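>>> any chance you could fold what I've pasted below:
(4 chains)
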Number of protein chains: 2
Amino acid sequence: MDYSLLSESPLFRGLTAIEIEKILLQLPHRIRKYKAGTLIYQSGDTINSLVIVLGGIVKGEMVDYAGRIIKIEDIKAPGALAAAFIFGSINRFPVNVIAISDTDLLVAEKSDFLKLLKNNDKILVNFLDLISNRSQFLSEKIKFLNFKTIKGKLAQYILKLADDQKNEIKLDRTQNDLSDYFGVARPSIARVLKEMEQEGYIKVSGRNILIIDKNALLNLTQD
Amino acid sequence: MDYSLLSESPLFRGLTAIEIEKILLQLPHRIRKYKAGTLIYQSGDTINSLVIVLGGIVKGEMVDYAGRIIKIEDIKAPGALAAAFIFGSINRFPVNVIAISDTDLLVAEKSDFLKLLKNNDKILVNFLDLISNRSQFLSEKIKFLNFKTIKGKLAQYILKLADDQKNEIKLDRTQNDLSDYFGVARPSIARVLKEMEQEGYIKVSGRNILIIDKNALLNLTQD
DNA sequence: TTCATTTTGTAACATATGTTACAATCTATC
DNA sequence: GATAGATTGTAACATATGTTACAAAATGAA
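Below is the predicted model:
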């Protein structure tokens, strides 16, 4: 099994390949292989292990009550799966996990993983960082969902892409993806872009956007 | 200083008062006292300490770009403050923290706290549980914000209060508070309640709600 | 009780967004 | 370069929600 990727994973950051090998010798674990398309975990399944994607890509999908599928995120090697659900009181997968490509997973029991956390300072800090970052990401997401208007969301999104410096950006998602991300209808994205152009804040051509009035955009994020 | 409450805090759960005293002897810390109304931390302030409310109540307020204030949550003794922001990459308070009553805070440096985590298994697991629970709470919140219609949110809210058994509940917030919680306008709450009554799903009288058609409500959560 | 304050109920109207449908472009592949 | 499929642009109309305003009812304090 090829563990070389692991040094790039958040959990093993700052460790050399040799140190990682040593750690994995001490950490009881198993490797699971899945073909592309396999349903690996189902929403609601119990989580009592650390799961790391060694190779391949998986996706997390939320199934709403109506049976519709909302794609949440892709996790590619060497990311961890549902790390924020190993501890805490809800030890269940919040989403369906499906292999996009052929996938190898490293699985280690929670109790063994806990021992590792106690014995290795770097891993401990890395893991604390990992799940804290998750919270911080979710907090951001909530701030974002709280924008009431599509204009507000789009303005925020554009300003983020512009990175406080550029005044010319290219949208990194299709309107369709954006509409999913915002939870709105696709034509509304197009309409709002047009409105923002008519109001003189931006210039749109396809996916390229020229920011004309950055202050106006900032104002829109204040809805 | 009175540490007796700490045995009820998530971080010290499962520890006796004596064990906690011992821990606090080893953990360098200081006590800070604030009068009611004081602004303790400002959104954006750096977090490099563990902060626990020993006595009193504080509130977290988010200030949006327009200067409006959104109350996020109350934290009363013996809760921890912004525990999910001690580690991770964003070590800044996401909210203003204000003392509601006279308040005592226990403050310990991150590096000292980290040593404690390494040396005490129970505290380690408690802390992992604590910040994991935070993520899990936020995930739930996001699920909730994703309901697109007010009817969906209200149906979900009512069903949660009904706890899968009762068919008669009393709303535990005013319409005004509910409208804040949902991020909608207050009259919309009243209107939607009336609509749900006209549709025969519930019977409303003031804050009391009788659930008539639970399946219909379940359907509404499927928007 | 009485009065002031908060909470709830309701209505008219404005507006943002959803829905559906289709045309115009773009993009990749043969 | 031709073709199919994806993406973007646009329009007409439906609907949910916001806004504002005020009255009715409940609540709490003197």
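
>>> and the strands in chain A?
Here chain A has its strands, by DSSP state E, at A:30-34, A:39-41, A:49-55, A:57-63, A:69-76, A:96-99, A:103-109, A:168-170, A:202-205, A:208-211.

>>> can I get these in JSON lines with distance to DNA strand C, mean neighbour count and mean pLDDT?
Bear in mind the C-beta positions are built from the backbone N, C-alpha and C, glycine included. Listed next are those as JSON lines, based on distance: least, CB to the nearest atom of the strand, whole Å; neighbours: other CB atoms under 10 Å in any protein chain shown; pLDDT from 0 to 100:
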{"stretch": "strand A:30-34", "distance to DNA strand C": "25", "mean neighbour count": "13", "mean pLDDT": "95"}
{"stretch": "strand A:39-41", "distance to DNA strand C": "27", "mean neighbour count": "17", "mean pLDDT": "93"}
{"stretch": "strand A:49-55", "distance to DNA strand C": "23", "mean neighbour count": "22", "mean pLDDT": "94"}
{"stretch": "strand A:57-63", "distance to DNA strand C": "18", "mean neighbour count": "18", "mean pLDDT": "75"}
{"stretch": "strand A:69-76", "distance to DNA strand C": "14", "mean neighbour count": "14", "mean pLDDT": "67"}
{"stretch": "strand A:96-99", "distance to DNA strand C": "22", "mean neighbour count": "22", "mean pLDDT": "87"}
{"stretch": "strand A:103-109", "distance to DNA strand C": "23", "mean neighbour count": "20", "mean pLDDT": "95"}
{"stretch": "strand A:168-170", "distance to DNA strand C": "10", "mean neighbour count": "13", "mean pLDDT": "91"}
{"stretch": "strand A:202-205", "distance to DNA strand C": "8", "mean neighbour count": "14", "mean pLDDT": "93"}
{"stretch": "strand A:208-211", "distance to DNA strand C": "10", "mean neighbour count": "16", "mean pLDDT": "94"}
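
>>> ok, which of these comes nearest B:Glu19?
Nearest to B:Glu19, of all these, is strand A:103-109, at 27.3 Å by CB to CB.

>>> which strands or helices does the closest one pack on?
Secondary-structure packing of strand A:103-109 (3 or more CB pairs under 8 Å, 6 or more residues apart in numbering or on different chains; DSSP states H and E): strand A:30-34, strand A:49-55.

>>> tell me the strands beside that strand, with direction?
strand A:30-34 (antiparallel), strand A:49-55 (antiparallel) (DSSP bridges).

>>> next, the angle from the last one to strand A:57-63.
So that's strand A:49-55. 130 degrees (axes from the mean of the first three to the mean of the last three CA atoms, to 10 degrees).

>>> please name the residues that touch the most centrally placed residue in chain A.
In chain A, the C-alpha closest to the average C-alpha coordinate belongs to A:Glu73, at a distance of 5.0 Å (CA atoms, centre = their mean). By CB atoms under 8 Å, 6 or more residues apart in numbering or on different chains, the residues touching A:Glu73 are A:59-60.

>>> wait, A:Arg186 touches A:Gln175, no?
Yes: look at A:Arg186 against A:Gln175 with CB atoms under 8 Å: they come within range, at 5.5 Å.

>>> and the closest residue to A:Leu218 other than its chain neighbours, how many neighbours?
Counting by CB to CB, 6 or more residues apart in numbering or on different chains, A:Leu159 is the residue found nearest to A:Leu218 once chain neighbours are left out, at 7.0 Å. For A:Leu159, the count of nearby residues is 17 (other CB atoms under 10 Å in any protein chain shown).

>>> A:Leu159 and B:Leu6, how far apart?
43 Å (CB to CB, to the nearest Å).

>>> among the strands of chain A, which is nearest B:Gly79?
Closest to B:Gly79 of these, according to CB to CB: strand A:49-55, at 28.0 Å.

>>> just the CA coordinates for that closest one, please, in CSV.
Extracted in CSV, the C-alpha atoms of strand A:49-55 (Å, rounded to 0.1, in the frame of the first residue of the first chain):
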residue,chain,number,x,y,z
SER,A,49,-13.3,4.8,13.2
LEU,A,50,-10.9,7.3,11.7
VAL,A,51,-11.3,7.0,7.9
ILE,A,52,-8.7,8.5,5.5
VAL,A,53,-8.9,8.5,1.7
LEU,A,54,-5.5,7.0,0.6
GLY,A,55,-6.3,7.1,-3.1
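
>>> what's the spacing between that strand and its chain's center?
Strand A:49-55 sits 15 Å away from the centroid of its parent chain (CA atoms, centre = their mean, to the nearest Å).

>>> ditto for stretch A:101-108
18 Å.

>>> can you check stretch A:168-176 too?
18 Å.

>>> which residues sit against it?
With CB under 8 Å, 6+ apart, stretch A:168-176 has contacts from A:158, A:161-162, A:178, A:181, A:186, A:189-190, A:207-211.

>>> go with 6 Å
A:161-162, A:186, A:189, A:207-210 (CB atoms under 6 Å, 6 or more residues apart in numbering or on different chains).

>>> any idea how many residues pack against A:Gly14?
10.

>>> who's in contact with it?
By CB under 6 Å, 6+ apart, the contact set of A:Gly14 is A:Lys122.

>>> no further queries at this time; thank you.
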